[in-house]
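Participant: Please work out how this folds:
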Amino acid sequence: MTERRDFIKKSLLGSAGLAVAGMTMSAKSYGNILGANDRIQIGMIGIRGQGTNHINQYCKLKDSRNVVIKTLCDTDENTWAEKVKLVKDSVGDKPNTEWDMRKVLDDPEIDAVSFATPNHWHALGTIWACQAGKHVYVEKPASHNVFEGRKMIEAARKYNRVVQVGFQNRSIENVQDAMKFLHEGNIGEVYMARGLCYKPRNSFGIAKDSAPPEGLHYDMWLGPAPYRAYNEKKGHYNWHWHWDTGNGDTGNQGPHQFDVARWGLNKNEHPVSVFSSGAIYGISPKECSQETPNTQTSIFKYEDGKTLEFETRGRYTNGESSLGTKIGNIFYGTDGYLELDGGTWKAFRTDEKEPFATSQMAKSEVSSSNVLVAAPGGAEHYANFLDSVRAGNNERLNCDIREGYYSSALPQIANISYRLERGLKFMGEYEKFANDTEADTMLTRPSRPPYVVPDQV
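Facilitator: Numbering: from 1, shown residues only. Got it, this is the predicted structure:
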């Protein structure tokens, strides 16, 4: 059903020009494949926070993957000096700097870009990059909303680009082993998965609107989001907690565990229903501008009746499972259950108190005659991206944009249910809600010219 829908959508795309927001697309041939000895030149777009991790990982891969960071791009020039020094100290090369990603995408020497921007820029940045002939690594969630995610898939396929989503669990060997263990039926039929996002967060305060600080290109930072006056409490990192730019913790940390939950259930489709409820607890709106909930429970059901539950707790809480898990997953099967915390996992039969199988990281904690050996993950996800770029083959990716899209759509439709305060039926084949035009309007949003996510990519 899903593949049929993808085929129909692709056949309706038609042709579209490459001129986007006045940008000249002087890209390499879309069919170009890098040779084994060719250096892969990367443009880093968004270099704060997670962007720093991107920089560190590519620097680690300089020799083994023959990669170099050519340009650092961020709308806030105040970030440049520190990150330029980080690259130079790590690999000896001094990267270029730029605040306008369009100029980075216009550079014919850049083969790929790595996005660690706020969520509201993920889709348009990726589409522009694909149109410019660049391969893309984009952070989670893949997009800010469901419509944008679908456009990213269409762009990747139309321009034959490799697009990897930053669900790093897909490249962690211990997690891969846990998924294989589940899919082989070792705890029976997996009928329910729970994702856990327990991250206590205190108030970040409130401030009056003001002029943007010198060095911040605010219009570009805002990009496709609706215009609003600059406010320091709605900018760097705090953008996560405002609907125009972020998706709350359910759509921030949550997508990692959503992805693992869907993976464990072996579901390559949308759910047929969603219900989500919650609120902001322990923080007064008079003291904080946060809009997204800090406590949220979401329940999804698939066509065959299998269930995915997700819980976000943003206040003080205990952990769950024998591992005391706060960020992780629990899978329930007809013959037992499996607990997964990072790369550590334990599997239990029926009501037995001791695990009958465990990851290598847990081996020292329990005695087991059935231990699956694996190594924890590091730069593997970025290496997998670069290897796929060199091969010109998206099928080698551990998390192609299509995988990342299905996992990202889960918190996005959960947030729609939360905001509308009602359960919703979802028609996955059409990617619309059943008889609910109000909910449908929240699957997308108008873009702010000239930063427009196009209907046809």
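Participant: where exactly do the helices run in the stretch 151-300 of the chain?
Facilitator: Secondary structure of the stretch 151-300 of the chain (DSSP state H, counting those that start in this stretch): helices at 173-183, 218-222, 254-265.
Participant: on contacts alone, who are the packing partners of the longest one?
Facilitator: Read that as helix 254-265. Here helix 254-265 touches helix 173-183, strand 190-198, strand 307-313, strand 327-333, helix 401-420, going by 3 or more CB pairs under 8 Å, 6 or more residues apart in numbering; DSSP states H and E. Just so you know, the C-beta spots here come from the backbone N, C-alpha and C atoms, and that holds for glycine as well.
Participant: List the buried residues of the longest one.
Facilitator: Residues 401-418 are the ones in helix 401-420 that count as buried (16 or more other CB atoms under 10 Å).
Participant: ok, and the closest non-adjacent residue to the residue nearest in space to the middle of the chain?
Facilitator: The residue lying closest to the centre of the chain (CA atoms, centre = their mean) is residue 140, at 1.2 Å. Take residue 140 and drop its neighbours on the chain: the residue closest to it by CB to CB, 6 or more residues apart in numbering is residue 255, 4.3 Å away.
Participant: show me the contacts for that neighbour.
Facilitator: Residue 255 makes contacts with 140-141, 167, 407-408, 410-411, as judged by CB atoms under 8 Å, 6 or more residues apart in numbering.
Participant: Over to residue 318?
Facilitator: Contact analysis of residue 318 by CB under 8 Å, 6+ apart lists residue 324.
Participant: now residue 126
Facilitator: So residue 126 contacts 115, 136, 138, 152, 155-156, 163, 401 (CB under 8 Å, 6+ apart).
Participant: Please repeat the previous calculation with a cut-off of 6 Å.
Facilitator: Residues near residue 126 by CB atoms under 6 Å, 6 or more residues apart in numbering: 136, 138, 152.
Participant: Thought residue 115 was touching the second one, still the case?
Facilitator: The one in question is residue 138. Yes. Here residue 138 reaches residue 115: they are 4.4 Å apart, a contact under CB atoms under 6 Å.
Participant: for the chain, what helix or strand is lowest in average pLDDT?
Facilitator: strand 371-372 (a mean of 32; mean pLDDT, DSSP states H and E).
Participant: pLDDT on the helix or strand containing residue 128, on average?
Facilitator: According to DSSP states H and E, residue 128 maps onto helix 122-131. Throughout helix 122-131, pLDDT has a mean value of 98.
Participant: please begin residue numbering at 747 from this point
Facilitator: Okay, residue one is now 747; in that scheme the one you just asked about reads as helix 868-877.
Participant: just how off-centre is the helix or strand following it within its chain?
Facilitator: Using DSSP H and E, the helix or strand that follows helix 868-877 in sequence is strand 881-884. Taking the mean of its C-alpha atoms, strand 881-884 sits 11 Å from the chain's own mean (CA atoms, centre = their mean, to the nearest Å).
Participant: Just the buried positions in strand 881-884, please.
Facilitator: Those would be 881-884, for strand 881-884 by 16+ other CB under 10 Å.
Participant: on that earlier part again, make JSON lines from the contacts of residue 1001 and add distance to residue 1197 to it.
Facilitator: Below are the contacts of residue 1001 laid out as JSON lines (distance: CB to CB, whole Å):
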{"residue": "886", "distance to residue 1197": "21"}
{"residue": "887", "distance to residue 1197": "19"}
{"residue": "913", "distance to residue 1197": "26"}
{"residue": "1153", "distance to residue 1197": "25"}
{"residue": "1154", "distance to residue 1197": "20"}
{"residue": "1156", "distance to residue 1197": "26"}
{"residue": "1157", "distance to residue 1197": "23"}
